[in-house]
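**Q** Have a look at this prediction, sequence included:
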Amino acid sequence: MKRRIALIVEYDGHGLCGWQRQENGPSVQERLEEALKHVEGEPVRTVACGRTDASVHAEAQVVHADVNAVRIEKSPRAYTHGVNSHLPEGVRVVAVRNVDGDFHARFDCIERAYRYQIWNREVASALQAWRHWWIPLDLDVEAMRVSSAHLLGKQDFTTFRASGCQAGSPVREVRTIEVRRQGCIISIDIRADAFLYHMVRNIVGALVWAGLGKYSADDVKQLLGLHDRSQLAAPMAPAHGLYFADAVYSVFSSRTVLEAMLGKGDKDE
């Protein structure tokens with residue numbers, strides 16, 4: 001007898017070809033399914049909330065899988081500690097939650113969030129070169145905030161999606177964008193009902209140009225209204241600064257599951 005579970009997965013995208021299985025390199029899906037097979041004793045198929053590209057990281061990716069009902073009831077840690085013992089260091093299952101049998105990690109998700117991180121100082125980082133986009137020129141964070149306001153709401157994001165995007169509609173609802181600086185790190189947090197292919201990285205590229213003074217806030221607004229990808233001159237932000245941060249469902253979100261775990265840990269101490 002099987003039971004469906006949702007796994008909250010954290011991974012460092014450095015050296016991986018993204019979430020989905022690929023013929024040209026190791027993927028998160030491949031590594032996770034191999035680890036689950038060790039625990040289950042048979043192949044396990046996984047479905048993620050969303051695909052991530054090569055070098056993109058995740059803090060709280062949601063993945064569903066059907067596993068042995070007796071084992072998950074008797075030994076739920078088999079799907080955290082047990083699975084993790086068969087995973088490479090850069091991939092970890094950080095939490096597991098029982099879900100309904102018809103739960104779908106991708107199609108039931110009602111909101112997704114990404115974080116983009118920029119290393120904004122004259123000298124690059126020696127320790128985290130693959131975790132941020134290094135920009136040595138001064139960025140005006142306030143100009144980036146003002147420009148980002150034009151991207152809020154339900155709009156046609158054709159200008160900000162990649163040419164190979166296969167989504168049926170370019171309309172998405174961006175619910176929040178927060179741009180903040182802490183020391184030399186600038187973080188851009190974006191929440192939306194869903195995202196188009198490369199949409200976040202293209203938005204970040206445009207906001208960086210606004211921060212460099214190459215775009216005004218009106219320029220960003222006009223670009224969005226053109227509905228023409230060829231008109232976006234700003235470069236797409238590199239993949240290694242991007243993090244999948246949260247997946248929201250009607251009954252839980254991956255971020256709140258992690259926060260609850262941290263609260264429990266503090267209480268136990």
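**A** That came in fine, so what should we check first?

**Q** so where do the strands sit in the stretch 51-200 of the chain?
**A** Counting by DSSP state E, counting those that start in this stretch, the stretch 51-200 of the chain has strands at residues 57-68, 91-98, 111-119, 133-134, 153-156, 171-182, 185-192.

**Q** Glu10 is nearest to which of the ones you listed?
**A** Closest approach to Glu10 among those (Cβ to Cβ): strand 91-98, 5.0 Å. Heads up, the C-betas are built off the backbone N, CA and C, glycines and all.

**Q** So which bits of that closest one are buried?
**A** 91-97 (16 or more other Cβ atoms under 10 Å).

**Q** now do stretch 102-111
**A** Neighbour counts over stretch 102-111 (16+ other Cβ under 10 Å) mark 103, 105, 108-109, 111 as buried.

**Q** Same check on stretch 176-192?
**A** Those would be 177, 179, 185-192, for stretch 176-192 by 16+ other Cβ under 10 Å.

**Q** show me what contacts Asp138?
**A** Asp138 is in contact with Asn120, counting by Cβ atoms under 8 Å, 6 or more residues apart in numbering.

**Q** quick one: it from Val70, how far?
**A** 59 Å (Cβ to Cβ, to the nearest Å).

**Q** three-state assignment of Leu7?
**A** The local conformation at Leu7, judged by DSSP: H, G, I helix; E, B strand; the rest coil, is strand.

**Q** try Leu32
**A** helix.

**Q** Do you know the pLDDT at it?
**A** Model confidence at Leu32, given as pLDDT, is 98.

**Q** Need the pLDDT of Lys267.
**A** 45.

**Q** ah, wrong one, I meant Ala143
**A** Ala143 is given a pLDDT of 97.

**Q** Check Ser163 too.
**A** pLDDT, read off for Ser163, is 83.

**Q** Based on its surroundings, how many neighbours for it?
**A** Ser163 sits with 8 neighbouring residues when counted by other Cβ atoms under 10 Å.

**Q** show me what contacts it?
**A** Arg229.

**Q** Check the gap between it and Leu232 for me.
**A** Separation of Ser163 from Leu232 (Cβ to Cβ) stands at 11 Å.

**Q** Ok, Gln222 next?
**A** Relative to Leu232, Gln222 is positioned 11 Å away (Cβ to Cβ).

**Q** And those two? Which one has more around it.
**A** Neighbours were counted for Gln222 and for Leu232 using other Cβ under 10 Å; Leu232 has more, 21 against 14.

**Q** I figured that one hits Asn202, correct?
**A** Yes - using Cβ atoms under 8 Å, Leu232 is in contact with Asn202, at 6.4 Å.

**Q** Now do the shared contacts for these two.
**A** What both Leu232 and Asn202 touch, as defined by Cβ under 8 Å, 6+ apart, is the set 159-160.

**Q** Now do the helices in this protein.
**A** 28-40, 69-74, 81-84, 141-148, 199-211, 217-226, 254-268 (DSSP state H).

**Q** Deepest-packed of the ones you listed, please.
**A** The highest mean neighbour count among the helices of the chain, using mean count of other Cβ atoms under 10 Å, belongs to helix 199-211: a mean of 26.

**Q** ok, residues contacting that one?
**A** With Cβ under 8 Å, 6+ apart, helix 199-211 has contacts from 114, 116, 118, 133, 135, 139-141, 143-144, 146-148, 151, 157, 159-162, 172, 177, 179, 188, 190, 215-217, 219-220, 223, 232-239, 241-242.

**Q** In this model Val179 seems to touch Ile190, though I could be wrong.
**A** No - using Cβ under 8 Å, Ile190 is not in contact with Val179; the gap is 9.6 Å.

**Q** ok, now which ones touch Lys221?
**A** Contact analysis of Lys221 by Cβ under 8 Å, 6+ apart lists His150.

**Q** Low-confidence ranges, the stretch 51-200 of the chain, go.
**A** Filtered on pLDDT under 70, the stretch 51-200 of the chain yields no residues whatsoever.

**Q** Where do the domain boundaries of the chain fall?
**A** In terms of domains, the chain is parsed into 2-108, 111-245 (source: automatic domain parsing).

**Q** Quick one: closest of those to Phe252.
**A** Closest among the domains of the chain, using Cβ to Cβ: domain 2-108, at 6.6 Å.
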